[in-house]
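Novice: Sharing a model prediction with you, sequence too.
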Amino acid sequence: MKFGGTSVGDATRIRGAAKIVADAARHGGVVAVVSAMSGVTNRLVEAALASAEGCGRAGVELRESLRAQHAAAIEALISDEAERARLTADVEQIAGDAATLCRGTAMLRELTPRALDAISSVGERLSARLMAGALKELGLRSVAVEATEVIVTDDEHGQAEPLMDETRERATKRLLPLLAEGVVPVVTGFIGASRGGTLTTLGRGGSDYSATILGAALEAAEIIIWTDVDGVLTADPRLVSDARTINDISYAEAAELAYFGAKVLHPKTLRPVADAAIPVWIRNSFEPEKGGTKITPAGHPSLSGVKAITAISDVSLITVGGRGIVDVPGVAAKTFTAAASVRANVLMISQASSQNDICFIVNAGDAARTVEALRRAFASDLAHHQVEHINVDSGVAVVAAVGERMRGTPGIAGRLFSALGRRGVNIVAIAQGSSEYNVSFVVAAGAMRDAVTAIHHEFNLHRRDSRFDAETRSLVEV
Ligand code: ADP
Ligand code: ASP
Ligand code: MG
């Protein structure tokens, strides 16, 4: 069971999460994975960045705010004096570590990826201890476990990848004996360690990934991701107020949604469980009596058509173009080699058949260095006007309509784009991969909400009874 930031956001939430774990632990072994209390990781990263600018106060202020927040939670959660004292000493120690790391960073005015990982990991190291304390308070046996002991990763700081064989070995050795003794391990989400033992992180929002890595390593019967919404919804509820919970969804559909910005799941969440086919549930920790979304390999195979819409605005559109690129072999290869050389994450590619332009989407944070790499790679083509421009547009958003067998259902693309036309949304670029799961397109960032709402409405995703009709075996269009 993984609990996100809001699900452990304060003492009341931690108590609620502990109660959920305790109820489940009566029926079988449970491993808990926790995020930092909400907002903490952002504050850690901000303090690290301020320290790198030479701000000497950032670390001290951070330490004080971490102390205050976690001490208040301990005060409200833990009645046992000895346990309180132990936890308070742990908080002092860990918050002190964060301040020391910030001070070192400020003195050097340099923030290495390794130091940033060490600072950003502090929130989970604190929350895991609080959660274990809360479980003990409910009469369970529990112990906080540092993920550095159980998740082995490569050494890509900030976006480390698990090494599954080693992780399986470590995790089973450390966690199974605890489960056998009836102890609930509470593992820090988001964190791992390289083979050499240096702490790494899995990327922002990575606690979901921690949960499935551990679930796969331990061959869990199921994985439950407890969050602050009822499940995977038909659209981001912040964009579409009548978005609805999807009961069943396939790995591929959920992965596609996560990849295109549905924040409810980290994009890599479903990778570790793909082979073992372990069901993953998304449930609401605020309303644990609700069923949530079940993610399985097949999802709801009889359901065709658009299932959900997602959008991502923190992206840039890069265009490489000019008459000269027509018929010149290797332009695409050169373009994407350049993007890969700076580790830019290419989210979407579109090229008109005239070949005048190749355009692609990268995360906004990757745009500047991608353009630099392209200008270097095409330096002589630019000089000879074979390539006329390399442009970047950051005022765009990618919208994706996702659904199993969407392409197999004729007329979907037509309806989708007609709905956008009626709403007056201009489409900048379109990509439909050969996967049957997704049609994605680029619009101006300002039109993103309209685009998502228009499609959501066109496919009746807000209607409960539009879900599935057994006779026609498709979404009913009421
Ligand atoms: P946690 O802290 O539990 O990891 P996150 O904030 O990372 O939670 O993710 C949950 C949030 O994802 C929701 O509050 C919601 O605003 C957002 N979200 C975006 N798209 C979707 C979607 N399609 N379904 C559900 N939630 C979504
Ligand atoms: N605490 C980390 C973050 O905010 C990881 C997570 O919450 O999943 O990115
Ligand atoms: Mg999250």
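Specialist: Good, I have the coordinates. Ligands and ions are numbered 1, 2, ... in the order given.
Novice: would you say T148 is within a strand?
Specialist: No: judged by DSSP: H, G, I helix; E, B strand; the rest coil, T148 forms no part of a strand; its state is helix.
Novice: Is there a neighbour count for it? I'd like the number.
Specialist: Residues contacting T148 under the criterion other Cβ atoms under 10 Å number 20. In short, each C-beta sits where N, CA and C put it, glycine included.
Novice: how close does the residue nearest to it when sequence neighbours are not counted sit to ligand 2?
Specialist: Excluding the flanking residues, the one nearest T148 by Cβ to Cβ, 6 or more residues apart in numbering is A193, at 3.8 Å. Distance, A193 to ligand 2, using Cβ to the nearest ligand atom, to the nearest Å: 16 Å.
Novice: Kindly report the same for V183.
Specialist: From V183 to ligand 2 the distance is 24 Å (Cβ to the nearest ligand atom).
Novice: these two touch, right, that residue and R141?
Specialist: Yes: contact criterion Cβ atoms under 8 Å: V183 and R141 qualify, at 4.5 Å.
Novice: what's around the closest residue to ligand 1 within the chain, how many residues?
Specialist: Taking Cβ to the nearest ligand atom as the measure, the point where the chain comes nearest ligand 1 is G4, at 1.8 Å. G4 has 25 neighbours, counted by other Cβ under 10 Å.
Novice: And A36, by the same measure?
Specialist: 28.
Novice: Backbone dihedrals for it, both of them.
Specialist: phi -70, psi 160 (degrees, to the nearest 10).
Novice: ok, what's across the strand from the residue nearest to T148?
Specialist: Under DSSP bridges, the beta-bridge partners of A193 are V152, L199.
Novice: rewinding a little: of V183 and R141, who's got more company?
Specialist: Neighbours were counted for V183 and for R141 using other Cβ under 10 Å; V183 has more, 19 against 13.
Novice: Read off the pLDDT value for the more buried one.
Specialist: For V183, the pLDDT comes out at 98.
Novice: Show the contacting residues for it.
Specialist: Listed by Cβ atoms under 8 Å, 6 or more residues apart in numbering, the contact set of V183 reads R141, S142, V143.
Novice: So L176, which state does it fall into?
Specialist: Here L176 is recorded as helix under three-state DSSP.
Novice: Leaving out the residues flanking it, which one is nearest to it?
Specialist: L218 (7.0 Å).
Novice: And for R449?
Specialist: The nearest residue in space to R449 (Cβ to Cβ, 6+ apart) is L239, at 5.4 Å.
Novice: from what I can see that neighbour touches T310, true?
Specialist: No: using Cβ under 8 Å, L239 is not in contact with T310; the gap is 9.2 Å.
Novice: These two - which one has more neighbours?
Specialist: T310 (27 against 18).
Novice: For the more buried one, which residues are in contact?
Specialist: By Cβ under 8 Å, 6+ apart, the neighbours of T310 are A235, D236, L257, F260, G261, A262, V399, A400, V402, V452.
Novice: Quick one: those residues as a markdown table, columns for secondary structure and pLDDT too.
Specialist: Formatted as a markdown table, those follow (DSSP: H, G, I helix; E, B strand; the rest coil; pLDDT from 0 to 100):
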| residue | secondary structure | pLDDT |
| --- | --- | --- |
| A235 | coil | 96 |
| D236 | coil | 96 |
| L257 | helix | 93 |
| F260 | coil | 89 |
| G261 | coil | 88 |
| A262 | coil | 93 |
| V399 | strand | 95 |
| A400 | strand | 94 |
| V402 | strand | 92 |
| V452 | helix | 97 |
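Novice: for the top helix by length along the chain, which positions count as buried?
Specialist: Secondary structure of the chain read by DSSP state H shows that its longest helix is helix 81-108. For helix 81-108, a neighbour-count test (16 or more other Cβ atoms under 10 Å) marks 83-84, 87-88, 90-91, 94-95, 97-99, 101-103, 105-106 as buried.
Novice: ok, now stretch 451-467?
Specialist: 451-456, 458-463, 466-467.
Novice: got a pLDDT number for whatever residue of the stretch 351-478 of the chain ends up closest to ligand 2?
Specialist: Nearest residue of the stretch 351-478 of the chain to ligand 2: G365, at 14.7 Å (Cβ to the nearest ligand atom). Turning to G365, the model gives it a pLDDT of 92.
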